[in-house]
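*Asks:* The sequence and its predicted three-dimensional model are supplied below.
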Amino acid sequence: MNKAVEDKLLNERTIEENALSSRDYKYGWYTDIETDRLEPGLTEKTIHQICDIKKEPDWLREWRLKAYRHWSQMKEPHWPNFNYGPIDYQALSYWTAPKGTKEGPKSLDEVDPELLKTFEKLGIPLSEQKRLSGVAVDAVFDSVSVGTTHQSELEKVGVIFCSISEAIEHHPELVKKYMGSVVPYTDNFFAAMNSAVFSDGSFCFIPKGVRCPMELSTYFRINSAGTGQFERTLIIAEDSSYVSYLEGCTAPSRDENQLHAAVVELIALDNAEIKYSTVQNWYSGDKDGKGGVYNFVTKRGKCAGFKSKISWTQVEAGSAITWKYPSVILQGDKSVGEFYSVALTNHRMQADTGTKMIHIGKNTTSTIVSKGISTDESNNTYRGLVKVLPSADNARNFSQCDSMLVGNKCAANTFPYIEINNNSATMEHEASTSKINAEQLFYLQSRGLDLEASISLIINGFCKEVFKELPLEFAVEAVKLLEMKLEGSVG
Amino acid sequence: MSNTTIQTTDFIDNFAGLADQRLADESVGWLKTLRQASLSRFQEAGIPTVKDEEWKYTNITALTKQKFQLNTAGELKERAEFADYCATDKIRVTFLNGRFSPELSELTDIPAGLTVLTLDKAVQSHGDQIKELISRYDTAKASSFAALNTALTDNGVYIEAAANTHVEDYVHIVHVTSASNGEALSLPRTLIIGRPSCEFTVLESHICFDQEITYFTNALTDIYLAANGILHYTKTQHESLKAYHINNTRVWQERDSHFDSISVMTGSALNRNNLDIILNGEGIDSTLNGLYVNYGSQHIDNHTSVDHRFPNCTSNQLYKGILNESARAVFNGKIFVKDIAQQTNSYQLNKNLLLGTACRVDTKPQLEIFADDVRCTHGATIGQLEEDELFYLQTRGIGRHAARSMLARGFVDDLLNHVQNDEINRKMHSLIEPAFAHLT
C-alpha cells in the first residue's frame, strides 16, 4: 500500500474513531454490479459448464471430473473443534462473475469502472496511474481475476504472474506439471471440492536464479450472495530464486454464511525461497454469530530442493470459521520450513488453525510460532503436527504456541501432535495460556495511556515475533486490524 | 480387514463368556446390576482401534489375538526375588496371578485408623462406601477396559484412611505374576479412600520375575481424597516383557487435598495407562509424575487428563522417558480448565531421551481452557545426550559407555528424588536397573 493511501486510511480512522466502538467491519459494504452466474448446485454438469465458460483444455476437464467423482464419495469432516449447521452444497452457485468478464481479464482499460472503484475503496488501486511502485497485484472478484498489474515489468525478468486461468491457457505445461503435485485432489473434502470447481486464483512462476523485483500480491473479494469462492493459487520458485507473496481477503457483511474453499500450492526447488504472507479479514459475522465466511483452506508448500525454504506468515482476523493448516513438506536436504501465525477471534468466531511440518530430508529444520488471542465468546484452537520420518536425520524443530484469553466466555485450546520416528531428532515444544498481565496494564496506565491503548500495546508486544515476519506495509495493516478488532472488547 | 473384525469379535466374546459366568455367581444385588451394565458398556464400546483418536498411536491387535483365562492356578516360583523386593514391607496385600494370596501378604499389624481389606470382604462390610465411590463415575461412559474390569473382577483391595489419621508406614499392594498352566488374565481392582485430613502412603506394584510369560493385566484403580487429605501414591509396573498391561486410574479430589503421585514403568510388551484426575474443590494440589525406561520393542502409552473444575488449584505433570533400541513411547496429556476455575496453575512437561536407533515417540500435550485468569503451560522435548557433556566426562577419564549411563541416570534422578520414602525409592531404583543395562 502506498503512502498516500495509507495516510488516507489513517485519517479516515481518526475521524471515525469514536464511531468505531461497535467494532464495525470496515469492508462490510458490497458492490451492486451486474453478474453472470451459474444456477446453484454441484453436479457433473456444473463442471462441464465451468470448463466451457473458461474454455479449458480436455486434460483439465478430466482432472476436474475425477476430483468431483472423488469428492462425491467423501464425507464432510467433523473432527475440528467447531459448531456449525449443515452446509447445503447444492444451494451454492459455483461460478459468479461481474458481467462481461467471462472472457477472462483483458487490458485494464477495459475493466468495468465500477469494479476498479470497488478495489480502490478497498485500498487496492488497479488503474495505471495509481499503481503502487513496489507491489504487483492480481485482483480476484468472486470467481474471476479482474486484472493483474505490473505484468510487463515482471516479464522482463522472466517472472510469470497472472491469473490461473491465463496460466492454463498460456503455460499449460507448467500448470499440468505442478498443479495437484502438493495437494492432490484426493487430499481432503474441501481440497477435492476445490479441484472440481476452482474458478480463479493466481499463478506465479519465478525462473532459475531470479530474485523477484517486487512483492506479488493477490486480493480476494467475495461480493455476490449465495456464492462461494474457490480459488487456486500455484507458486513455483525454480532453483535459487526468491519471491515474497502477499494475500488479502475481504467480503461484505451478509446474514447468510459464505463458503470459501481455497487451495494454495507452493513449490520451492534447490536453494529457492518462498515467503507467503496472508492477512485474512473475511467478514466474521455479527456479535450473535450470524453470517460470516466459512473459511476452509488447504495450504501446503513443498521444499522439493536442497536448502529450499518456505515461510508462511498469517494474520487470521476474520471468518466465522477458520479451518486452515498451512503446511510444509521438507523433502530436500537442509530445507527450512517456517510458520508464524496470529489468530484473533472475537464475537462467536471459531478458529482451528495451525500447521504441519513433515520432515523427510536430512538436516531439515522447522520453526513454529503461533499466537492466539480469543475474546468475547469465541473459540480459538491451535492444532499442529510435527512429524519426523525415519529418513530425516538430524531434524530440528522449535514450536511455541501462546494463547491469550480476554474474558471468561472464550476458549483457547492447543492440540500439538508430535510424531518422532528418528532418534537423531531434536525438538522442543512449548505452549502457554494466560491473560493480560494486570501489572503491565497498571504500569502503562500509570504512564498516562488509557486502557485500550495499553491493551493494544501489550497485544502488539505479544504478537511481535509474528508481525516482524510480515512485509512492512502488511505489518502496519495487521496491527491496525488487530486494534480495530479488539476495540471495546476489554476493560 | 474382515479378518481382524472376526478376531476382535472373538476377543470380546471370550470376555463376555467369562462375564456371564461371573454374573451367575454374583450374589450381591447392586454389584450384579453394576456388572451387567459394565458388560453391556464393554460390548457397546468394543475394542478400540487406531482409528480412535485416543488410541491413534497404540495398536492392540496383538493383544486381541490372544485368548486369556481367569483363575489360573499358580505357585510363586521366584520366592527369593519376591522376598528381596518386598523385604521391609510392614503392610502388604499380595495377589498372585490375580488372586489374593494370604500367605504372601502381611496384614497382621495394621495401625489404628487404617482399613485394609480384600474386595470380597469389603463388599460385605463397606458396601455403602464402595457404592458411593463408584457412583461418581458414569458406567455408560467408562472406557472399554475399565468396563471390562468392573464386569469381571473379583479380586481387589479396599484401603481406607480414617479422618485425621496419619499413617507412617506405606501400604504395599503387590500384583505378582508367575508362570502357570495358561495365559492368565488378571483384573486387579483397587479402591483407596482418604477421609478428611488424613495422610498416608500407598505403593502399588505390578511385578513379574519371569520375562518370558504372556499374560494380560487389566487394572482399575479408584482414589478418593476428601478435604485436606494427603496421599502419596506410587505405582510401579515391571511386568514380563511379553505381558500386556492396561491400567485405568481415576482420582477424585476434594477441597485442599493433596495428591502426590509417581508412576514408574519399565516392563511389559504393551502398556497403556490412563490417569484421570478431577479437581473438585478449591485449593487442591495435584502432582502426576511419570518415568519410563524402555528397550527392545516395548510400547508404552500414557494418557493423562486433569480436569480443573474449581478456582485456585495447582496441577503439575512431569513425564520423562528414556527409549533404547526400538522402544516406542506415546504421551497424551490433557488439561481442562472450566470457566469458573480462575487462578488455575497448571504445568505439563514431557521429556524424552532417544537413545535407540529405531525408537519412536508420539507426544501430544493438549490444553483446553475456558477461563481467562489462568497460567497454563505445557511443553515437550525430544533429544539426545549432549555431545559436550559426554566429551567432558570422557576427558575426566570416564569411558564413553559409563558416561552415557551416568548422564541418563542424571536425567531420571530428579524425578525419583521427589519420592520421600527411602524404601519406595530403593524399590524404584531396583526396577529401572535392568533397563539401564540395555543403554546403547
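*Replies:* The structure has been received and is ready for your questions.

*Asks:* pLDDT at residue 199, what is it?
*Replies:* With no chain named, the answer covers chain A. Looking at A:S199, its pLDDT reads 81.

*Asks:* my bad, the chain I had in mind was chain B
*Replies:* Looking at B:E199, its pLDDT stands at 95.

*Asks:* With the one 10 residues further on instead?
*Replies:* In this prediction, B:F209 carries a pLDDT score of 91.

*Asks:* my guess is it contacts B:A80, does it?
*Replies:* No - contact criterion CB atoms under 8 Å: B:F209 and B:A80 do not qualify, at 9.1 Å. In short, each C-beta sits where N, CA and C put it, glycine included.

*Asks:* ok, the two, which is more surrounded?
*Replies:* Neighbour totals were compared for B:F209 and B:A80, and B:F209 leads with 20 against 9 (other CB atoms under 10 Å in any protein chain shown).

*Asks:* what's the burial count for the closest residue to the more buried one other than its chain neighbours?
*Replies:* The shortest distance from B:F209 to any non-neighbouring residue, by CB to CB, 6 or more residues apart in numbering or on different chains, is to B:E78 (3.8 Å). Other residues near B:E78 number 16, with proximity taken as other CB under 10 Å.

*Asks:* how near is B:E78 to B:I213?
*Replies:* Separation of B:E78 from B:I213 (CB to CB, to the nearest Å) stands at 11 Å.

*Asks:* And what about A:I235, helix, strand or coil?
*Replies:* strand (DSSP: H, G, I helix; E, B strand; the rest coil).

*Asks:* Might one say that it is in contact with A:V263?
*Replies:* No - shown here, A:I235 and A:V263 do not form a contact pair, counting by CB under 8 Å, at 12.0 Å.

*Asks:* Settle it for me: which of those two has more neighbours?
*Replies:* Higher neighbour count among A:I235 and A:V263: A:V263, with 28 against 23, using other CB under 10 Å.

*Asks:* residues contacting that one?
*Replies:* With contact set as CB atoms under 8 Å, 6 or more residues apart in numbering or on different chains, A:V263 has these partners: A:V183, A:A191, A:N194, A:S195, A:F198, A:R232, A:T233, A:V297, A:T298, A:K299.

*Asks:* let's go with 7 Å and repeat that
*Replies:* A:V183, A:A191, A:N194, A:F198, A:R232, A:T298 (CB atoms under 7 Å, 6 or more residues apart in numbering or on different chains).

*Asks:* With secondary structure, neighbour count and distance to A:S217 added, can I get those residues in a markdown table?
*Replies:* Shown next, in a markdown table, are these (DSSP: H, G, I helix; E, B strand; the rest coil; neighbours: other CB atoms under 10 Å in any protein chain shown; distance: CB to CB, whole Å):
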| residue | secondary structure | neighbour count | distance to A:S217 |
| --- | --- | --- | --- |
| A:V183 | coil | 24 | 21 |
| A:A191 | helix | 28 | 23 |
| A:N194 | helix | 30 | 21 |
| A:F198 | coil | 27 | 19 |
| A:R232 | strand | 24 | 16 |
| A:T298 | strand | 24 | 20 |
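
*Asks:* quick one, strands of the stretch 101-250 of chain A?
*Replies:* Taking DSSP state E, counting those that start in this stretch to define them, one finds strands in the stretch 101-250 of chain A at A:135-141, A:144-148, A:160-163, A:202-206, A:215-221, A:228-229, A:232-237, A:242-250.

*Asks:* Leaving out chain neighbours, which residue sits closest to whatever residue of the stretch 201-350 of chain B ends up closest to chain A?
*Replies:* Relative to chain A, the nearest point of the stretch 201-350 of chain B is B:D339 (5.1 Å; CB to the nearest CB). Of all residues not flanking B:D339 in the chain, B:F370 sits nearest, at 4.3 Å (CB to CB, 6+ apart).

*Asks:* Next up, the contacts around B:H166.
*Replies:* B:E199 are the contacts of B:H166 under CB under 7 Å, 6+ apart.

*Asks:* Beta-bridge partners for it, please?
*Replies:* B:E199 (DSSP bridges).

*Asks:* from what I can see A:Y417 touches B:K364, true?
*Replies:* Yes - taking contacts as CB atoms under 7 Å, A:Y417 lies within contact range of B:K364: 5.2 Å.

*Asks:* Tell me which of those two has more neighbours.
*Replies:* The neighbour count for A:Y417 versus B:K364, taken as other CB under 10 Å, is higher for B:K364 (24 against 19).

*Asks:* Reduced to three states, what does that one come out as?
*Replies:* State at B:K364, reduced to three classes by three-state DSSP: strand.

*Asks:* Go ahead and confirm it touches B:V330.
*Replies:* No - checked against CB under 7 Å, the pair B:K364 and B:V330 is beyond contact range at 8.2 Å.

*Asks:* Before we go further, B:A435 is sitting in a strand, right?
*Replies:* No - B:A435 is assigned helix when assessed by three-state DSSP, not a strand.

*Asks:* got the contact list for it?
*Replies:* Contacts for B:A435 (CB under 7 Å, 6+ apart) come out as B:T266, B:V293, B:N294, B:Y295.

*Asks:* same thing but 10 Å
*Replies:* Contacts of B:A435 were listed using CB atoms under 10 Å, 6 or more residues apart in numbering or on different chains, and they are B:238, B:265-267, B:292-296, B:298, B:322, B:324, B:327, B:408, B:412.

*Asks:* Can you select the buried ones among the residues you listed for me in PyMOL?
*Replies:* Burial among these is assessed by 16 or more other CB atoms under 10 Å in any protein chain shown; the matching PyMOL selection reads:
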select buried, chain B and resi 238+265+266+267+292+293+294+295+298+322+324+327+408+412
